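> sequence first, then the predicted structure:
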Amino acid sequence: MSRHISPHSPVLVTGASGYIAGWIVKYLLDEGRTVHATVRDPNRTSSVAHLLALAEGAPGTLKLFKADLLAEGSFDEAMQGCELVMHTASPFVLDGFTDANEALVRPAVEGTRNVLEAASRIDSVQRVVLTSSVAAVFGDNADAAAAPGGTLTEAQWNTSSSVDHNPYQYSKVAAEREAWKLCEAQSRWDLVVINPGMVYGPSLTPGSHSASIDTLVSMGDGRLRTGVPDLSYGVVDVRDVARAHLLAGFKADAEGRHLLVAETLTMLQIGGILRAHYGKGYPFPRSQVPKALVWAVGPLMGPVTRPFISRNVGHPVRFDNRRSLALGVQYHPAEQTFVEHFRQIIDDGLLKRRRKHA
Ligand code: NAP
């Protein structure tokens, strides 16, 4: 069913302090809209200073609200009067935790339930845009082989992840399934889902803990100096992801899921793009480590497990992005995305900060 969102009603953005959400808030403010932005701690400067600065120079209006995914009823106040809800908040961390359920799955699923149950309670809400992920479509690259023609589309669902194997991917598929279930239980609001690949591109905040940022920092801080596994990713620019949220929110006939992938690249190709632009000053990876060696030493070097290596290293992956093109998404070339992102990482001093803590 088509939905016309009033340009005068406020838009709720959950997790507004985040990497992707920063760009969503910027584009909404640039369009002159009122943004109800939820953060866990509105007094934490590293979460909100860039948002306040964006609002200073933009025609729109920013209102900050405190909300936590795990606190029931937390989003009600911020949602009052909003016709459009953009739910981006969810932990995106790949390591540094001991309990994957507590760190990832519970906040993702209970948080989605919390936000969407509020949408069902609050009469003004007409549409919810959910930031899901390609991780809700597939878990391991090996899963792509089972898709028709070996190409992943919005018709696939991740059935290979669990809390023990790829818990982040599991958190995303479980949260998206919960969202569709809650959507189907009512008829006032509709759900439009954005499923981005690995997101890169300049961040508006050096404060985000998004794994997107750390994985690009690792390309230039020496951690991958000795080589990278043969791993392929679907990648997309953060600005295109944010624009897709606005298209999904305001295009009256938007519906369903949307895979957002500009290009598919190996880690070595990403290193090659960076070396071509930034030269020899940084220890970008130059070679691929044979799978047998990754198998032998990978688990000793971090959160990489043997089942992950077996089902991802050396497995190609392909995506069909035609639904996102029909939505109106225009993709930045991946080369521009990586070059501009790495420039911001240098300018924000993130490489040095990482070396200091290594
Ligand atoms: P990010 O910068 O870490 O943003 C995540 C946001 O979630 C933060 O603003 C964080 O708020 C919030 N959050 C985490 N736990 C919370 C809790 N318990 N209560 C309230 N808020 C909480 O990561 P991002 O990359 O922008 O990710 C945003 C969304 O995009 C996530 O749903 C992620 O799964 C999805 N996504 C990301 C990528 C990617 O490559 N980056 C790809 C596909 C999908 P605080 O500031 O309070 O910590």
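Thanks, I have the structure now.
> who are the contact partners of the closest residue to the ligand within the chain?
When scored by Cβ to the nearest ligand atom, the chain has Gly18 as its residue closest to the ligand, at 2.5 Å. In this view, the C-beta of every residue, glycine as well, is placed from N, C-alpha and C. Neighbouring residues of Gly18 by Cβ atoms under 8 Å, 6 or more residues apart in numbering: 88-89, 208, 210.
> which bits of the stretch 101-250 of the chain sit near the ligand?
The stretch 101-250 of the chain comes close to the ligand at residues 107, 131, 133, 172, 196, 198-199, 208-210, 212, as judged by Cβ under 6 Å from any ligand atom.
> which of those residues sit farthest apart?
Farthest-apart pair in those is Pro107 and Met198; separation 20.5 Å (Cβ to Cβ).
> re the thing from before, in strands only, show me the residues of the stretch 101-250 of the chain next to the ligand.
Counted as lying in strands by DSSP state E, out of those, are 131, 196, 198-199.
> tell me the SS of Leu116?
helix (DSSP: H, G, I helix; E, B strand; the rest coil).
> re the thing from before, buried subset of the residues of the stretch 101-250 of the chain next to the ligand?
Among those, those buried by neighbour count (16 or more other Cβ atoms under 10 Å) are 107, 131, 133, 172, 196, 198-199, 208, 210, 212.
> could I get these as JSON lines with pLDDT?
Below are those laid out as JSON lines (pLDDT from 0 to 100):
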{"residue": "Pro107", "pLDDT": "98"}
{"residue": "Thr131", "pLDDT": "98"}
{"residue": "Ser133", "pLDDT": "98"}
{"residue": "Lys172", "pLDDT": "98"}
{"residue": "Pro196", "pLDDT": "98"}
{"residue": "Met198", "pLDDT": "97"}
{"residue": "Val199", "pLDDT": "97"}
{"residue": "Ser208", "pLDDT": "81"}
{"residue": "Ser210", "pLDDT": "84"}
{"residue": "Ser212", "pLDDT": "87"}
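> just curious, which of these is nearest to Ala155?
Ser133 (16.0 Å).
> who's in contact with the closest residue to that closest one other than its chain neighbours?
Spatial nearest neighbour of Ser133, chain neighbours left out: Lys172 (4.3 Å); criterion: Cβ to Cβ, 6 or more residues apart in numbering. The contact partners of Lys172, taken as Cβ under 8 Å, 6+ apart, are 90, 108, 132-133, 135-136, 158.
> so what's Gly281 scoring on pLDDT?
Gly281 carries a pLDDT score of 88 in this model.
> what ranges do the helices span in the stretch 151-300 of the chain?
For the stretch 151-300 of the chain, the helices defined by DSSP state H, counting those that start in this stretch cover 167-184, 211-220, 238-250, 267-278, 291-301.
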